[in-house]
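**Q** Just need the structure, nothing else, for what follows:
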Amino acid sequence: MDHLLMKLRAFVQRRKMEKLAAVPIEYEDDTYRLLFAESGEEAGEIVLDVNGRLKKFVEFDEKRLFVVKSKEELCRIVERFLEEIFPDSIQKLHLSSIVDVDDFYIFDYVQKDDKLGLSLPNSGVSFSISINGIILDMTNELGNVKAVYPEELLTEQDAMELYLKALKPQLKIMQYDQEMYIRGNNEFKLVYDFLNTAALDVKMDGALTNLEDLGMETYEYGSLPQLPIAETSIYRTVGAETMQKILTADSDQGKVEVWSHLPAGHLFSEYEDTDLLDLDIGIEHVIKMAFDCEDGKLNRMITVIDENRDRNRVSEAVAYEAALRILFNQFPEAHRVFKLRIEEAGLIEYEDEEITPFAFQFNFVRFENGIQVEGCEVSITICAATGELCEWCVWGEVNQDYKTLTGAETASVEEAMKLYESAFFMKLNWAKEEGEGDDPYYELVYLPEFQDSGGTIHCIDAETLEPWIVDSSSLEEFE
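**A** Numbering: from 1, shown residues only. Prediction:
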């Protein structure tokens, strides 16, 4: 340990005259807090593997201003760290990629297999280093590399045919995110969605890895019944009508209001204003709401319901009816613009003890003329003990009018498929898989490579056939 601390001392920028000491962190195996020996100030944290080798290093950086270093200078700092800490492995590590994340860079070093010379992902050491030269964190994934070579390679042509055969692009309304896409402008557009329907890879036996294989569920959606319009105040609907308004404030979630039966003085003595206004913290006998500053619609609501009241636990059907009444209160045309996401029925529990532990949650997804609006939905949580609303969340632009998008003339899915197919080829790569016990292994797969298009294509505009190309300008890759 002392030898390792001496080597790490050269890379911890603060208090250069003090030695480092390591103190075990209780209940965390092989994890140590790094301290400056004389002052006792925290310098960072390290994790060791079972052999005492450095597995993770974190420096607690003070946001001090230093001379900004070039990418080449940062690379030399990282490689000096490798030489000092992992001298036995430096020869088999290759720089795989550099990612520019504004005020820091991510450097990824990996190993390559002996026969094909292909990179083995997550087989080496990765760093996050600030632009002033401070190594913020390091993760070591070095170990025995087991690359499994197939008896016969699937051809690139066969992989392409299997990949294309499985493609089922869906017509959706999605936001053209300007931070993600090269020509993005944040407007909502009607597109053919390839991102959520394409396979992730093609294996040597012809099997495909899909999103479901990674535990990401796909859902069906059910239509809603039409309910009569109920001219009921939202305050009455959520149970705040007989309460007094305790606090108001403007936030990034809208205009926040805090209501309660309890005296204001009692609440101010028990809670900080920040806790009272925090919409992620439920407080018993308190209802918190956030309203959209433009249209006044309810964006968020949370409360903690006393479930010890003398009431029978409600059924899912009763809870669903309650959720529908609340939804139609805010959206009288809910049957036209929402569908219920069909999920496995059952009570949900919260880890946060502040929130009522048993509830039914219903997710109503925004649709326009039968076309899903990606990322736009309303989540309603009903207390199973009382049948009352305990949480309401609006995600995305559910209130926007999307009628004009669905009324435009669109290109055919065959035209979109043809454009998508011409933009990539299938490239051989290694994929890391979890083996029995703690021994991972690598297997060969084909991945789509969008080399000529300038980046990965996620969607294609259904009206103009413009491809949505991911902006990968911050990523520099090395063979």
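**Q** same question for the strand or helix carrying Val78, mean pLDDT?
**A** If you go by DSSP states H and E, Val78 is part of helix 71-85. Throughout helix 71-85, pLDDT has a mean value of 95.
**Q** Repeat that for stretch 196-215.
**A** Stretch 196-215 comes out at a mean pLDDT of 88.
**Q** Could you pull out the buried residues of it?
**A** Asn196, Thr197, Ala198, Ala199, Asp201, Val202, Lys203, Met204, Leu208 (16 or more other Cβ atoms under 10 Å). (Each C-beta comes from the backbone N, C-alpha and C, glycine too.)
**Q** Where do the helices of the chain begin and end?
**A** Under the criterion DSSP state H, the chain contains helices at 2-9, 71-85, 156-166, 234-238, 264-270, 273-277, 316-330, 334-337, 403-406, 413-421.
**Q** Tell me which of the ones you listed lies nearest to Leu142.
**A** helix 71-85 (10.3 Å; Cβ to Cβ).
**Q** Summarise which helices and strands that closest one is packed against.
**A** On a contact count with 3 or more Cβ pairs under 8 Å, 6 or more residues apart in numbering; DSSP states H and E, helix 71-85 meets helix 2-9, strand 94-101, strand 104-112, strand 119-130, strand 135-140.
**Q** any idea how far the closest residue to Leu214 other than its chain neighbours is from Asn122?
**A** Closest residue in space to Leu214, ignoring its immediate chain neighbours: Leu200 at 7.5 Å, by Cβ to Cβ, 6 or more residues apart in numbering. Going from Leu200 to Asn122 by Cβ to Cβ, to the nearest Å gives 16 Å.
**Q** Relative to the whole chain's centre, how far out is stretch 444-457?
**A** The chain centroid and the centroid of stretch 444-457 are separated by 22 Å under Cα atoms, centre = their mean, to the nearest Å.
**Q** what residues are up against the residue nearest to Leu214?
**A** Neighbouring residues of Leu200 by Cβ atoms under 8 Å, 6 or more residues apart in numbering: Leu208, Thr209, Asn210, Leu211, Asp213, Leu214, Leu447.
**Q** mind listing what the nearest residue to the first one once chain neighbours are set aside touches?
**A** For Leu208, the nearest residue in space outside its immediate sequence neighbours is Ala199; the separation is 4.0 Å by Cβ to Cβ, 6+ apart. Ala199 makes contact with Tyr163, Ala166, Leu167, Leu208, Thr209, Asn210, according to Cβ under 8 Å, 6+ apart.
**Q** can you tell me which two in the residues you listed are farthest apart?
**A** Farthest-apart pair in these is Leu167 and Thr209; separation 14.1 Å (Cβ to Cβ).
**Q** quick revisit: among the contacts of Leu200, name the ones in strands.
**A** Secondary structure from DSSP state E places Leu208, Thr209, Leu447 of the contacts of Leu200 in strands.
**Q** Let me know the pLDDT of the last one.
**A** Right, the one you point to is Leu447. Here the pLDDT value assigned to Leu447 is 95.
**Q** Report how many residues lie close to it.
**A** Leu447: 17 surrounding residues under other Cβ atoms under 10 Å.
**Q** Quick check, it in contact with Leu208.
**A** No. Contact criterion Cβ atoms under 8 Å: Leu447 and Leu208 do not qualify, at 11.5 Å.
**Q** Find the residues that touch each one of these two.
**A** With contacts taken as Cβ under 8 Å, 6+ apart, the residues that reach both Leu447 and Leu208 are Leu200, Asp201.
**Q** nearest spatial neighbour of Thr218, skipping sequence neighbours?
**A** Closest residue in space to Thr218, ignoring its immediate chain neighbours: Glu212 at 6.3 Å, by Cβ to Cβ, 6+ apart.
**Q** actually His458, not the one I wrote
**A** Counting by Cβ to Cβ, 6+ apart, the residue nearest His458 is Leu195, at 4.0 Å.
**Q** What separation is there between the one you found and Pro332?
**A** For Leu195, the distance to Pro332 equals 33 Å [Cβ to Cβ].
**Q** Name the residue in the two with the higher neighbour count.
**A** Counted by other Cβ under 10 Å, Leu195 and Pro332 do not tie: Leu195 has more neighbours, with 18 against 15.
**Q** so how far is Glu212 from the more buried one?
**A** 15 Å.
**Q** do the same with His3
**A** 48 Å.
**Q** same check, this time on Ala37
**A** 52 Å.
**Q** pLDDT score assigned to Gln400?
**A** pLDDT recorded at Gln400 is 92.
**Q** next one: Arg64
**A** Note on Arg64: pLDDT of 59.
**Q** Next: Arg9.
**A** Reading off the model, Arg9 has pLDDT 89.
**Q** For Glu8, give me its contacts.
**A** That one is not Glu; residue 8 is Leu. Leu8 touches Leu20, Leu34, Ile46, Phe57, Ile85, counting by Cβ under 8 Å, 6+ apart.
**Q** Can you add distance to Ser251 and neighbour count and give these back as TSV?
**A** As requested, these are exported to TSV (distance: Cβ to Cβ, whole Å; neighbours: other Cβ atoms under 10 Å):
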residue	distance to Ser251	neighbour count
Leu20	42	20
Leu34	37	22
Ile46	38	24
Phe57	37	23
Ile85	45	19
